[in-house]
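Asks: have a look at this fold, sequence not included:
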């Protein structure tokens, strides 16, 4: 796990001042990689018949000057006075370059200096890489059988050899999470690649013939000609709670690299093209729900086994829900009782799942609980926003930030397994049950729809948890309440569309759910130099579960039926748990009472209003209705508060650093 930064000049060359500046931008995310760092400047374009060059180990001190010097060939070398050699980085010959690669390393596999990046295969290819390839041992053996020789024990070197053997289309062989750049000097091109499910971040900025890429937006902000808010992205966030649902970010000009795809930049022609290396492929041949449960179990346990590969200590994030509990039980089956689990609970004990956490602890799993309080929101909100670079969806993000902070301070764990993705691949969200009923109705399968509805009522599962307030988001005719306070023109994203269940699952995995969840989990964990892995997002498991008939995932009124069927090791109270509860915090009472003064003062002279996004008085009226008990989702209020706070820090004067909680007692 690491952080990366890179720059490509397709028209001209970068100068010495650029090298110093790029090195600083690489180090902006030193928390992502505290163990090692490295940079390399390369010259890939041919000039006056010379082959692309790369040699000499140099660095530069910062010098004021243009980041892109319009040099031509070898005729305009930099003034030597701008250079000062330093031992810990590398520079191309000729004192100018067209490709920069930078890396900050968090050592997970092969902790030795052999894992230093940028790494080369000594055939003219260089890589900087953020992530983990979990099947690297199998790939290494496969490549050795083809004659490849390895000099390290890292997964990084395996990627270079996969590229050497199969080209960029060979990345479909990788099982893992990644964002990397390979500078292919002989072919004078750079290949950027991102994993299948948007787990590892990769942002791209194009400015006047230059392409910059980075693990975090903050690394690209100094390179923007002008910092401008993307109003469309902000409106979708405020009105519909959407994050990372498209390639656009909250900043005009900065985009997300697409998942499951490569970006190939030619230094010869300047052409930039995207090429998918993977897409969903339906799996057939499963003849019964029992066979499905058996194959799921095999794939699930193998996914966990691969994600336990590490040269540092591994733990499990345990919410008490079905998904994280399944991972904890799977880890114990593979590794015995050596695994430790970590949980966040609320101060009042109402808005968490501590009783289910305790059930697992009683079976012998070691657990560590961290208490989340309203004061933690005020303490951490600015730090969370600074690490995320964009607004976050709610207070649960700050709860997770505190959990990671405690893990870093109080334990020697570096890698954590998470249950993210389980609801999307197993149809765990309540909406999927109702999408399924709608699908059955459209297919005129009325008796099946009535049976599922009746079974849920009888089992006291999904239907008993239905509320119109939570369902409004998925009803096209229901206009979101917060939209009345939005000034800018709104074009709602059709999150209510559901052609069939499989396509809806894919939409959540690619757009509406998984990217946002992995976004904040990556930023929160890497802020504390921790790596998070996701067994449910193994592509083999995802394809298998998406391909299964819906009736095997939602059965007899139960969601996630194939998981419940496959893991009898789970305590029955968890395995056949009727309710679905997310990672909750007492947002409603905090927003109504404890944070009332903060909300009113924050929206005085609102930056969202000045940007033409929000009518601040309409919002405050909306907030007053919420306080009086109107059926308004607390998430609406939380998102607006978080967005305004982010706007103040990003586009206006920095928000006040000292905040206090209202002393008014919370109503019982």
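Replies: Nice, thanks for sending it over. What you are looking at is a predicted structure, and each value in this text was computed from that prediction instead of being measured.

Asks: from residue 316, how far out is residue 362?
Replies: Taken as CB to CB, to the nearest Å, the spacing of residue 362 relative to residue 316 amounts to 16 Å. For the C-beta atoms, the positions are set from N, CA and C on the backbone; glycine is no exception.

Asks: quick one: which of the two has more around it?
Replies: residue 316 (28 against 10; other CB atoms under 10 Å).

Asks: does that one touch residue 335 like I think?
Replies: No - Residue 316 is not in contact with residue 335 according to CB atoms under 8 Å; the separation is 10.3 Å.

Asks: point out where the stretch 251-400 of the chain drops to low pLDDT.
Replies: Low-confidence regions of the stretch 251-400 of the chain, defined here as pLDDT under 70, cover residues 349-352.

Asks: and if we set it to 50?
Replies: Within the stretch 251-400 of the chain, no range satisfies pLDDT under 50.

Asks: just the helices from it, written as ranges.
Replies: With DSSP state H, counting those that start in this stretch applied, the stretch 251-400 of the chain shows helices at 289-307, 322-335, 354-362, 374-388, 395-410, listed in chain order.

Asks: out of these, flag the one nearest residue 569.
Replies: Of all these, the one in closest proximity to residue 569, counting by CB to CB, is helix 322-335 (4.9 Å).

Asks: so what's the residue count around residue 160?
Replies: Residue 160 is flanked by 23 other residues according to other CB under 10 Å.

Asks: is it correct that residue 515 is in contact with residue 244?
Replies: Yes - using CB under 8 Å, residue 515 makes contact with residue 244 at a distance of 3.8 Å.

Asks: need the residues touching each of these two.
Replies: Listed contacts common to residue 515 and residue 244 are residue 198; contacts here mean CB atoms under 8 Å, 6 or more residues apart in numbering.

Asks: tally of neighbours for residue 420?
Replies: Residues contacting residue 420 under the criterion other CB under 10 Å number 25.

Asks: residue 329: what's its closest spatial neighbour, skipping adjacent residues?
Replies: The shortest distance from residue 329 to any residue other than its chain neighbours is 4.9 Å, reached at residue 569 (CB to CB, 6 or more residues apart in numbering).

Asks: what separation do you get for the one you found and residue 302?
Replies: Using CB to CB, residue 569 is found at 16 Å from residue 302.

Asks: the more surrounded of these two?
Replies: residue 302 (19 against 13).

Asks: list the contacts for that one?
Replies: Applying CB under 8 Å, 6+ apart, we find residue 302 in contact with residue 538.

Asks: same deal with residue 314?
Replies: For residue 314, the contacting residues are 308, 331, 339, 413-417, by CB under 8 Å, 6+ apart.

Asks: let me have these in JSON lines, adding neighbour count as columns.
Replies: Formatted as JSON lines, these follow (neighbours: other CB atoms under 10 Å):
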{"residue": "308", "neighbour count": "18"}
{"residue": "331", "neighbour count": "26"}
{"residue": "339", "neighbour count": "22"}
{"residue": "413", "neighbour count": "18"}
{"residue": "414", "neighbour count": "22"}
{"residue": "415", "neighbour count": "23"}
{"residue": "416", "neighbour count": "23"}
{"residue": "417", "neighbour count": "26"}
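
Asks: which of these fall in strands?
Replies: The strands, defined by DSSP state E, take in 413-417 from those.

Asks: list phi and psi for the closest residue to residue 547 other than its chain neighbours.
Replies: What sits nearest to residue 547 in space, not counting adjacent residues and going by CB to CB, 6+ apart, is residue 283, at 4.1 Å. Here the main-chain torsion angles of residue 283 (degrees, to the nearest 10) amount to phi -110, psi 130.

Asks: renumber starting at 4 from here on
Replies: Done: numbering now begins at 4, and the last item shifts to residue 286.

Asks: how near is residue 286 to residue 541?
Replies: 13 Å.

Asks: between the two, who's got more neighbours?
Replies: When neighbours are counted by other CB under 10 Å, residue 541 comes out ahead of the other of residue 286 and residue 541, with 26 against 14.

Asks: how is this protein divided into domains?
Replies: With automatic domain parsing serving as the domain definition, the record reports that the chain contains domains spanning 5-133+181-205+260-279, 292-429+516-578.

Asks: out of those, which gets nearest to residue 150?
Replies: Distances from residue 150 to each of these were compared by CB to CB, and the smallest falls on domain 5-133+181-205+260-279, at 13.2 Å.

Asks: for residue 316, grab the count of nearby residues.
Replies: Residue neighbour count, defined by other CB under 10 Å, stands at 14 for residue 316.

Asks: and what of residue 274?
Replies: The burial metric for residue 274, expressed as a neighbour count using other CB under 10 Å, is 11.

Asks: quick one, what contacts the nearest residue in space to it that is not next to it in sequence?
Replies: Counting by CB to CB, 6+ apart, residue 274 lies nearest to residue 268, which is 7.6 Å off, once chain neighbours are set aside. Under the criterion of CB under 8 Å, 6+ apart, the neighbours of residue 268 are 11, 13, 192-195, 214, 274-275.

Asks: just the buried residues of the residues you listed.
Replies: The neighbour count (16 or more other CB atoms under 10 Å) marks 11, 13, 192-195, 214, 275 as buried among those.

Asks: quick one: low-confidence ranges for this structure?
Replies: 51-95, 657-671.

Asks: quick one, strands of the stretch 4-153 of the chain?
Replies: Using DSSP state E, counting those that start in this stretch, the strands assigned to the stretch 4-153 of the chain run over residues 5-12, 16-17, 39-45, 71-72, 102-108, 122-123, 128-136.

Asks: swap in the stretch 204-353 of the chain?
Replies: In chain order, the stretch 204-353 of the chain shows strands spanning 206-210, 213-217, 257-259, 264-269, 275-279, 316-320, 343-349, with DSSP E, counting those that start in this stretch as the criterion.

Asks: any chance of TSV for those strands, columns distance to residue 45?
Replies: Below are the strands of the stretch 204-353 of the chain laid out as TSV (distance: least, CB to CB, whole Å):
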stretch	distance to residue 45
strand 206-210	19
strand 213-217	14
strand 257-259	24
strand 264-269	13
strand 275-279	18
strand 316-320	36
strand 343-349	42
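
Asks: to residue 119, which of these lies closest?
Replies: Comparing the strands of the stretch 204-353 of the chain against residue 119 with CB to CB, the closest turns out to be strand 213-217 (19.7 Å).

Asks: from residue 219, how far off is residue 33?
Replies: Relative to residue 219, residue 33 is positioned 11 Å away (CB to CB).

Asks: and the two? Which one has more around it.
Replies: Under the criterion of other CB under 10 Å, the comparison of residue 33 against residue 219 puts residue 219 first, with 23 against 12.

Asks: OK, contacts around that one?
Replies: Under the criterion of CB under 8 Å, 6+ apart, the neighbours of residue 219 are 6, 31-32, 35, 204, 206, 392, 526.

Asks: what does residue 361 give?
Replies: With CB under 8 Å, 6+ apart, residue 361 has these contacts: residue 370.

Asks: burial check on the nearest residue to residue 503 once chain neighbours are set aside, number of neighbours?
Replies: Once flanking residues are discounted, residue 503 sits nearest to residue 442: 6.3 Å by CB to CB, 6+ apart. Here the number of neighbours of residue 442 (other CB under 10 Å) works out to 18.

Asks: same check on residue 343?
Replies: Residues near residue 343, counting by other CB under 10 Å, number 20.

Asks: wait, it sits on residue 320?
Replies: No - the pair residue 343 and residue 320 does not pass the contact test of CB under 8 Å, sitting 10.8 Å apart.

Asks: backbone dihedrals for the residue nearest to residue 332, both of them.
Replies: phi -70, psi -20.

Asks: dump the contacts of residue 317 into TSV; add distance to residue 359 as well.
Replies: Shown next, in TSV, are the contacts of residue 317 (distance: CB to CB, whole Å):
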residue	distance to residue 359
311	23
334	17
342	17
416	22
417	26
418	24
419	19
420	17
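
Asks: out of these, which is nearest to residue 654?
Replies: Taking CB to CB as the measure, residue 654 lies nearest residue 419 of these, at 33.8 Å.

Asks: so who does that closest one touch?
Replies: Each residue near residue 419 by CB under 8 Å, 6+ apart is listed here: 317-320, 345, 410, 528, 533-536.
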